[in-house]
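Asker: sequence plus predicted model, see below.
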Amino acid sequence: MKKLKWLTLMILSLCFLALIVITLIYNPVENETQVLPEDSHQEETEPEEAKEPDEDEAASEEEDATEEEEQASVGEGIREAFSSVIENARNLFLRDDLKIVAIGDSLTQGVGDRTENGGYVGILEDNFNQSNETTNFTIDNFGRRGDRTDQLLERMESRDMTSSIKDADIVLITIGANNVMQVIEHNFTSLSYDDFPPARANYAVELEEIFSTIEEANPNASIYLVGLYNPFNQYFDHIPALAQIMNEWNRESESIIDDRENVTFIPIKDIFEGNEKELLWEVDHFHPNEEGYKQMAKRVLEYIRDDIEEIEE
């Protein structure tokens with residue numbers, strides 16, 4: 001009887017042990033079967049996730065390439081501008097301690113120059129630097145977009161501009177286009193030729209005052225007024241007299257200058273006439289582009305050359 005009980009106990013113990021062993025053996029397999037699909041899923045999804053950065057990287061590289069091309073295009077434009085003016089500036093030896101001051105509107109500021117180099121003033125400065133590495137000279141640019149003659153007169157009262165003009169050998173001026181534009185804006189719906197003469201008379205008085213202010217501050221400065229060109233025909237072709245109006249404003253400027261020995265008029269109307277598409281900024285078809293400013297710089301250099309060159313003894 002005791003043997004039977006002992007045998008029964010042994011059988012139950014062996015069964016319990018076998019159950020434990022089976023549990024230990026099969027549970028890891030189950031765990032592996034549970035883990036493997038997850039690993040397999042990760043292996044399938046990881047390449048998909050890796051594709052997105054590749055696509056973003058490709059797009060980024062494409063944007064970088066486009067930006068580099070645009071920068072290269074702009075850089076090429078300014079290099080071309082420089083090289084053309086250098087031909088004009090070749091063998092140019094500047095006077096030592098030469099100081100040039102440029103005042104006026106957006107043409108002095110350089111609006112339309114995508115290189116943001118300061119338009120014709122910046123082109124002149126860079127060419128002077130390249131041609132005269134050892135010469136001490138400065139160019140101060142006081143151009144501001146939108147300035148009319150009355151607004152320029154107000155700014156000329158500032159300490160910075162007054163001080164700069166006092167020390168200047170040459171003063172370059174672009175002004176008057178916004179005076180004309182003001183007449184157009186104020187009479188847009190019923191614009192006629194008769195709207196311009198009164199404004200031109202005011203322009204003449206204020207231009208006289210600009211010259212007088214410069215001469216009072218610096219009687220020895222050589223003053224150069226850059227003339228107007230006609231960008232308006234493409235907007236107001238129904239007013240054929242606009243070309244005549246711009247010519248009259250240029251003649252008004254020249255008549256004022258005739259009475260002043262130290263002031264010179266620089267015409268630029270012929271540069272742009274018939275070449276508007278090539279020389280005007282495509283954004284507004286009003287301001288010069290890099291090529292337009294290049295042509296302005298060449299023309300200005302022709303006129304100021306005698307004043308800026310070192311005199312050979």
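Answerer: Good, I have the coordinates. Residues are numbered from 1 along each chain as shown.
Asker: what about Glu282, how many neighbours?
Answerer: By other CB atoms under 10 Å, 9 other residues sit near Glu282. C-betas here are computed from N, CA, C, even on glycine.
Asker: would you list the phi and psi of the closest residue to it other than its chain neighbours?
Answerer: Setting aside the residues directly before and after it, Glu282 is nearest to Asn289 in space (CB to CB, 6 or more residues apart in numbering), at 7.1 Å. Note on Asn289: its backbone torsions stand at phi -90, psi -170 [degrees, to the nearest 10].
Asker: residues near Asn289, how many?
Answerer: 20.
Asker: now it: how far from Thr162?
Answerer: The spacing between Asn289 and Thr162, counted by CB to CB, to the nearest Å, is 33 Å.
Asker: with Ala102 instead?
Answerer: With distances taken as CB to CB, Ala102 is found 15 Å from Thr162.
Asker: neighbour count for these two, which is higher?
Answerer: When neighbours are counted by other CB under 10 Å, Ala102 and Thr162 differ, and Ala102 comes out ahead with 30 against 16.
Asker: check the secondary structure at that one for me.
Answerer: strand (DSSP: H, G, I helix; E, B strand; the rest coil).
Asker: for it, give me the pLDDT.
Answerer: pLDDT, Ala102: 98.
Asker: run through the stretch 151-300 of the chain and note the low-pLDDT ranges.
Answerer: 233-240 (pLDDT under 70).
Asker: strands of that one, start to end?
Answerer: 170-174, 222-226, 263-266 (DSSP state E, counting those that start in this stretch).
Asker: now, of those, which is deepest in the fold?
Answerer: Among the strands of the stretch 151-300 of the chain, strand 170-174 has the highest mean neighbour count (mean count of other CB atoms under 10 Å), at a mean of 25.
Asker: count of neighbours near the closest residue in space to Arg155 that isn't next to it in sequence?
Answerer: Leaving aside its sequence neighbours, Arg155 sits nearest to Met161 (CB to CB, 6+ apart; 6.1 Å). Using other CB under 10 Å, Met161 has 18 neighbouring residues.
Asker: check contacts around Met161.
Answerer: By CB atoms under 8 Å, 6 or more residues apart in numbering, the contact list for Met161 reads Val101, Ile103, Phe142, Arg155.
Asker: state the distance from Asp96 to Glu273.
Answerer: From Asp96 to Glu273 the distance is 38 Å (CB to CB).
Asker: between the two, tell me which one has more neighbours.
Answerer: Legend: neighbour count by other CB under 10 Å for Asp96 and Glu273, higher for Glu273 (14 against 11).
Asker: I'd say the more buried one and Asn230 touch.
Answerer: Yes: with contact defined as CB atoms under 8 Å, Glu273 and Asn230 form a contacting pair (7.1 Å).
Asker: out of the strands of the stretch 151-300 of the chain, which comes closest to Asp284?
Answerer: strand 170-174 (16.3 Å; CB to CB).
Asker: what lines up beside that closest one in the sheet?
Answerer: Here strand 170-174 is paired, per DSSP bridges, with strand 98-104 (parallel), strand 222-226 (parallel).
Asker: list the contacts of the next helix or strand after the first one.
Answerer: Going down the chain from strand 98-104, the next helix or strand is helix 106-109, by DSSP states H and E. Applying CB under 8 Å, 6+ apart, the set of residues contacting helix 106-109 from outside is 102, 112, 118-121, 141-147, 172-174, 177-178, 226, 287-288, 296.
Asker: would you list the buried entries among those residues?
Answerer: Burial by neighbour count, judged by 16 or more other CB atoms under 10 Å, picks out 102, 112, 118-121, 141-144, 147, 172-174, 177-178, 226, 287-288, 296 from the contacts of helix 106-109.
Asker: relative to Asp259, how far out is Gly292?
Answerer: In terms of CB to CB, Gly292 sits 31 Å off from Asp259.
Asker: run through the helices of the stretch 101-250 of the chain in chain order.
Answerer: All helices of the stretch 101-250 of the chain, identified by DSSP state H, counting those that start in this stretch, fall at 106-109, 119-131, 149-155, 159-166, 177-186, 196-217, 242-257.
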